[in-house]
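Colleague: Predicted structure and sequence below. I'll ask about it afterward.
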Amino acid sequence: MNPPVLMRVPKSIGWGLFIKTVKARAYPRLVGAFREKSWIFFEIFLPLLAVSAYVFIYRALEAPEEYIGFVVVGGAMTAFWMNILWSMSSQLYWEKEQGNLALYIMAPNSMMAILLGMAVGGLAMTLTRAVVILGLGSWIFGVQYEVSSYWQLALVFTLTMVALYGMGMMSASVYLLLSREAWHISNLAQEPVFLVSGFYFPVKNLGFIIPLLASIIPLTLGLDAVRQLAFPSGSASGFLPVPVEVAILLVLSVVFLAAARWLLAYMERLAIREGRLTESRR
Amino acid sequence: MDFAIKTEKLGRIYKIRGGKKSEPKTLVALQDVALEVRRGELFGLLGPNGAGKTTLIKILTTLLAPSTGRAWVAGYDVIQEASKVRPRINMVSGGESSGYGLLTVRENLWMFAQFYGLSSSDANQRIKELLEVVGLSDRKNTKSSDLSTGLRQKMNIIRGFLTDPDVLFLDEPTLGLDVGASREVRRFVRKWIDNDPTRTLLLTTHYMVEADELCDRVAIINQGRVLACDTPAALKRRLQQEASYRIETSPLNGRGMEVFEQIPGVRKVSHQSQDGFAVLEFILEKDDVLGRVVNIMTDEDIHILNLQKHESTLEDVFVDLVGRSMEEVERSQKEDSEA
């Protein structure tokens, strides 16, 4: 067979390249959601079981009916925290082990575009799971919503996701620098965060200091604001007024994204100086 | 001169962390490497494992900073101007496991093409062409996790050519490929270079034949140093000061070698009797002397059954430079590291 003559082709640069990279890196996550079906059990059925346990406890205690809604919303949001901990944060470490990290650094694209692609893909995939948990939970347990402001709800959710995935992008570099030790952080951060961020109850019940410290995790304030906006008595059990929570989420978004960018640049410098970070163990 | 790759006194020292109490050790991976690869050239780096080939490629592909010296690729400094080097290069390593197992071959390749800014239509067209070159068209929709090592390497090779680099680095590219596929890849590599004089390819290999067959010039590298750099023919000519011939003839029936030893220009002759024929080994001052040897054989009624000239190989060149074969170097390195 005669080999083909490959002609020179035009290539995008600047923002065109950035957008192509984001799209391309998001693609494996989106495709993965359909090709690997085990998530239906692990990421929908199991969280729904946890939600059911809390619902039965609240009903046994004759808690206000809105607590059932709080639990279902919190249960849906656990999908995002799990995605940040187990997928987003450890992703660069796995890319290194796989041999992809060196190719990403060597390519002309921005590493921020790679991370953003991971985040967008992860968010889209996790949103599907969260919507399914929310829909099923609301239907099974008969949750009634009364949204006071849809645009505020959309704003809060968007800011929460930007801050949360900004945090994930930042922690991806941290995990890579910590290498295998990072697994312990994920293990440590899973259940305690469910508690201190009030995934299954209003965080206000923990007093002031703990929720304040837990606010470093954007889901704490995001979840609290969503509950305040989606349920009639939500504001009574809210930790801080919604506009304050929005402002804090905005600050967290900027800080986490800036930190992610700085840490990525640091990680790349370190990789090139020491030659270790692009060395896969395979 | 227009150089695609240039290095000056390039060196790299790794610090190897010891235990808690022991001091970190240093490993000199590259030392004073000065290379000039011309635009349009297919340049080979030949050396055993641990010679410094991969370290050199990592520096040239902006993945590793040199400890000393400087390097330029496509006219740009690999450290100061890495962002200008990166759009112009690509690299494929033998045995790499890049990409995502959940994606098909075509999807993985499309993804990597996007990272270099190719449009989807251009990327898909090139993927189709390249899949045919390496004989992977029938597996384009197979998940890459389901590919064998050899098929996976074919996918990696496509990834390197797909992005249309000015300078391509192939680090042991035919590792794990069968003979037929290796031959196809070599043919394609040669044609890729020949079709466009602005393209340059740097290839590292263990396989002497691959370097000999493909490369315009070869640098022999060992223990971080470049020992020789020239065309394969010129490297071999260094050893080929004398002409060596092996001639199979009809039985000599007790004739001695004196008749040949007296020919001016015959340095050495030896013979061995075999079952029904004889084998004569000649070392001649130059090829012209062979005519006189053949004339004497005709006069003496000795029939020539077979005549072979012994050609030096790059392996011979390596042995001449290092004092040991590449295999022996690798074996002793392995023993040292185990000790």
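Modeller: Perfect, I can see it now. Numbering: from 1, shown residues only, chains lettered A, B, ... in the order given.

Colleague: In the stretch 51-200 of chain A, what residue comes closest to chain B?
Modeller: Here the residue of the stretch 51-200 of chain A nearest chain B is residue A:108; by Cβ to the nearest Cβ that distance is 3.9 Å. All C-beta atoms are positioned from the backbone trio N, CA, C, and that covers glycine.

Colleague: check contacts around the residue lying closest to that residue once chain neighbours are set aside.
Modeller: Nearest non-adjacent residue to residue A:108, counting by Cβ to Cβ, 6 or more residues apart in numbering or on different chains: residue B:87, 3.9 Å away. Going by Cβ atoms under 8 Å, 6 or more residues apart in numbering or on different chains, residue B:87 touches A:11, A:13, A:108, B:116-117.

Colleague: Would you show me how to pick out the buried ones of those in PyMOL?
Modeller: In PyMOL syntax, the buried subset of the contacts of residue B:87 is picked out as below (16 or more other Cβ atoms under 10 Å in any protein chain shown):
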select buried, (chain A and resi 11+108) or (chain B and resi 116+117)
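
Colleague: Pass me the low-pLDDT residue ranges in chain B, would you?
Modeller: For chain B, residues meeting the criterion pLDDT under 70 lie at B:1, B:18-21, B:240-241, B:337-339.

Colleague: Tell me which stretches of it form helices.
Modeller: For chain B, helices defined by DSSP state H occupy the ranges B:53-60, B:82-85, B:105-114, B:120-133, B:149-162, B:179-195, B:208-214, B:232-239, B:258-261, B:289-299, B:314-322, B:326-338.

Colleague: residues of the longest one that come out buried?
Modeller: Read that as helix B:179-195. Of all the residues in helix B:179-195, those buried under the rule 16+ other Cβ under 10 Å are B:181-182, B:184-190, B:192-193.

Colleague: Closest one of those residues to chain A?
Modeller: Within the buried residues of helix B:179-195, proximity to chain A (Cβ to the nearest Cβ) peaks at residue B:188, which comes in at 4.2 Å.

Colleague: what's the closest residue to residue B:140 other than its chain neighbours in contact with, if anything?
Modeller: Setting aside the residues directly before and after it, residue B:140 is nearest to residue B:106 in space (Cβ to Cβ, 6+ apart), at 4.5 Å. Residues near residue B:106 by Cβ under 8 Å, 6+ apart: B:124, B:127, B:131, B:140-141.

Colleague: Of those residues - the most surrounded one?
Modeller: With neighbours defined as other Cβ atoms under 10 Å in any protein chain shown, the most crowded of those is residue B:127; it has 26 neighbours.

Colleague: ok, residues contacting stretch A:229-246?
Modeller: Here stretch A:229-246 makes contact (Cβ under 8 Å, 6+ apart) with A:64, A:66, A:69-70, A:73, A:145-149, A:152-153, A:155-156, A:159, A:198, A:202-205, A:211, A:220-222, A:224-225, A:227-228, A:248.

Colleague: Write the PyMOL selection for whichever of those residues are buried.
Modeller: Buried residues among these (16+ other Cβ under 10 Å), as a PyMOL selection:
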select buried, chain A and resi 66+69+70+73+152+153+155+156+159+198+202+203+204+211+220+221+222+224+225+227+228+248
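
Colleague: Near chain A, which residues of the stretch 101-250 of chain B are found?
Modeller: B:102-103, B:107, B:110-112, B:114-119, B:122, B:126, B:129-130, B:132-133, B:143, B:161, B:163-164, B:184, B:187-188, B:191-192, B:195-196 (Cβ under 8 Å from any Cβ of the partner chain).

Colleague: Now list the buried members of those.
Modeller: Restricting these to buried positions leaves B:102-103, B:107, B:110-112, B:114-119, B:122, B:126, B:129-130, B:133, B:143, B:161, B:163-164, B:184, B:187-188, B:192, with burial counted as 16+ other Cβ under 10 Å.

Colleague: residue in the stretch 151-282 of chain A nearest to chain B?
Modeller: Checked against chain B (Cβ to the nearest Cβ), the nearest residue in the stretch 151-282 of chain A is residue A:275, 4.5 Å away.

Colleague: Next up, the contacts around the residue nearest to that residue when sequence neighbours are not counted.
Modeller: Closest residue to residue A:275 apart from its sequence neighbours, by Cβ to Cβ, 6+ apart: residue B:64 at 4.5 Å. Contacts for residue B:64 (Cβ under 8 Å, 6+ apart) come out as A:272, A:275, A:278, B:12, B:55, B:58.

Colleague: Could you do residue B:66 as well?
Modeller: B:10-12, B:30, B:59, B:79.

Colleague: Apply 10 Å and report the result again.
Modeller: B:7-13, B:30, B:33, B:55-56, B:58-60, B:78-79 (Cβ atoms under 10 Å, 6 or more residues apart in numbering or on different chains).
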